[in-house]
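In: everything below, folded, please.
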Amino acid sequence: MGMPVTIVVADSNEWTSLAVEEAFADFALLDRTFSPFLPESAVSRINRGALQLGEAGELVVQAVDLCRLYQQGTDGYFSAWPDGRFDPSGLVKGWAIDRAGSILLQHGCRDFFVDAGGDVQARGLSIAGGPWRVGIRHPVDRHEVVRVILAADLAVATSGTYEKGDHILNPHTGAPADDWLSFTVVGPDILTADVYATAAFAMGEEGLRFIERTPGYEAYAIDRRLIGTWTGGFDALCERIGAQASVSPAPAVGPGSGRLRGPGSGGGRAGAGPSPG
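Out: Residues are numbered from 1 along each chain as shown. Take a look at the predicted model:
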């Protein structure tokens, strides 16, 4: 995966150091197995014909099963084979975070925060005793956030094109999905949120309606005009919007809508991550 990983445990115990060490080791294992940038990863070997999918080991079999399950559940908008090559990266990051959280829980940790590349699973309370604060980054000005989610037992995952360009394909057309700059999904499970963020991004405008119909999940999407649109229950998960200067009112195009202000508007601390506030 080759991405920054942060683990914060607020309720440390005698097993915390071991739990965190095991969690980081598991991230490394999944990276060695699934990274398309490592020539000897299982994914790279499968795609150059040096390894058969069915002979790639239990981790790969589990990933394939999960990918097929989510492909069916999203009407094919999530696919690990968008261009004919095996690429489960839209699932593996959320899966890795979920596995890390399970390791922490097994060692008695109940209040923690796992962030991998900006996708987050938050459990319990922060070090300050309140919910963890997770920011949705402005797609143009990386030093600002557009909304802050108050996350206790919540996952936050974002798919976007502002760093990697138009890399998310619509599997039904093979063309890059280009309706959104970013699409954030919030819900109880990081694996599902991660997959749904990718699938809903690929769906275009239908993506918000897809999340609106999905119990327990909410979404916030930013289009190429810098209009943010969100599902009906999203506001209830956030800090009061009046305190976040990077969103201003706009004519509604969904359950909620607002125009993002340009760079330098003072929206707040950037990035998805824990805050002592």
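In: Ala151 versus the closest residue to Arg123 other than its chain neighbours, what's the distance?
Out: Among residues not flanking Arg123 along the chain, Phe112 sits closest, at 5.3 Å (Cβ to Cβ, 6 or more residues apart in numbering). No exception for glycine: its C-beta is placed from N, CA and C like everyone else's. As judged by Cβ to Cβ, to the nearest Å, Phe112 and Ala151 stand 12 Å apart.
In: also Arg137?
Out: Arg137 is 15 Å from Ala151, by Cβ to Cβ.
In: quick one: which of these two has more around it?
Out: Neighbours per residue (other Cβ atoms under 10 Å) separate Arg137 from Ala151, with Arg137 holding more: 26 against 23.
In: where does pLDDT dip in the chain?
Out: 1-2, 162-166, 241-277 (pLDDT under 70).
In: grab the most central residue of it for me.
Out: Ala157 (2.1 Å; Cα atoms, centre = their mean).
In: within the sheet, what are the partner strands of the helix or strand where it lies, with directions?
Out: Assessed by DSSP states H and E, Ala157 sits inside strand 154-160. Using DSSP bridges, strand 154-160 pairs in its sheet with strand 119-123 (antiparallel), strand 180-187 (antiparallel).
In: hmm, who's touching the longest one?
Out: Right, strand 180-187. Under the criterion Cβ atoms under 8 Å, 6 or more residues apart in numbering, residues 136-137, 139, 149, 151, 154-162, 193-194, 196-197, 200-201, 204, 207, 211, 214, 216-224, 226, 234, 237 lie in contact with strand 180-187.
In: how about it: buried residues?
Out: Going by neighbour count (16 or more other Cβ atoms under 10 Å), the buried part of strand 180-187 is Trp180, Leu181, Ser182, Phe183, Thr184, Val185, Val186, Gly187.
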